[in-house]
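S.K.: missing the sequence, but the structure's below:
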């Protein structure tokens, strides 16, 4: 459609395509481009952040926690790096020294992290199934204290119907009686949120609006947008849309397999796969059993 000298384009991004689209936008942000070569960029693994890593010269990252049809799961294989730092164009794994890395960072540096839940007010949070919030819990407060610029890369598919702060209050890994997968809590995130909407404006001078969420036949969880702008700017944006079409999830392939009972991480998880035994078994309920530690 054409409105005066301006045009309107409509397009749909599947979940993997949206992640790559967001990654390209984050990679284009001036603070990220500057920090890549004259500072530090800390990336905490997730499928969207893994795509960012690839866009700025890093490797695909280990996908640690994930939501599957069987609930919240961890990776069966932890061989690949989950967190890396890119400094002077070189990527270095930092899983074993996260606190030291954060302590060395400052306002000229950037941290990029994904989210599991966002809201219409810009709130964001990430799930944590391990003690003390896992990797996210180790670094979030430190990044804020150091004045590091935090970018939250997250698709519109993660937007919930309420406020993130209410969701945080509702959960908690030690409060769960029975869980499908491992029990999790939410760690609040503070930073600049980049969804597909913000990504459009970062990649071209356009105004973007979401007009539909979800779909069928592979578009489940996808996002349909309309963007208005000059023909030249829209052409620039649509060339990037065309580039990401058909892309697959980013991540270290070995980390895509889910953990099973007996995994070394089991001892750190709570109430894992106890949903049916704890909630449906009258004998269990009569004993008043609380959260249990079980295999992940």
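M.R.: Received, thanks. All figures in this text were calculated on a predicted structure; none of them were measured in a lab. Numbering: from 1, shown residues only.

S.K.: Can you pull the poorly scored residue ranges out of the stretch 151-296 of the chain?
M.R.: Within the stretch 151-296 of the chain, the stretches with pLDDT under 70 are 282-296.

S.K.: Can you identify each of the strands in it by residue range?
M.R.: For the stretch 151-296 of the chain, strands defined by DSSP state E, counting those that start in this stretch occupy the ranges 185-189, 192-194, 207-213, 223-230.

S.K.: Adjacent strands (with direction) for the shortest one?
M.R.: For strand 192-194, the pairing partners within the sheet under DSSP bridges are strand 149-153 (parallel).

S.K.: who touches the partner strand?
M.R.: With contact meaning CB atoms under 8 Å, 6 or more residues apart in numbering, strand 149-153 is reached by 22-23, 26, 29, 31-32, 35, 48-49, 52, 107, 109-115, 118, 124, 143-144, 189-194. Where C-beta positions appear, they are placed from N, C-alpha and C, glycine not excepted.

S.K.: So which of those residues sit within helices?
M.R.: 22, 23, 26, 31, 32, 35, 48, 49, 52, 143, 144 (DSSP state H).

S.K.: residues touching the fifth one, list them.
M.R.: I take that to be residue 32. Contacts of residue 32 (CB under 8 Å, 6+ apart): 26, 41, 56, 110, 112, 151.

S.K.: can you do 6 Å?
M.R.: Residues in contact with residue 32 (CB atoms under 6 Å, 6 or more residues apart in numbering) are residue 110.

S.K.: element containing the nearest residue to residue 116 once chain neighbours are set aside?
M.R.: Nearest non-adjacent residue to residue 116, counting by CB to CB, 6 or more residues apart in numbering: residue 127, 4.5 Å away. Assigned by DSSP states H and E, residue 127 belongs to strand 124-128.

S.K.: Show the secondary-structure elements that that strand is packed against.
M.R.: Judged by 3 or more CB pairs under 6 Å, 6 or more residues apart in numbering; DSSP states H and E, strand 124-128 is in contact with helix 134-146, strand 185-189.

S.K.: Please work out which of the ones you listed is packed deepest.
M.R.: Across the helices and strands packed on strand 124-128, averaging neighbours per residue (mean count of other CB atoms under 10 Å) puts strand 185-189 on top, at a mean of 22.
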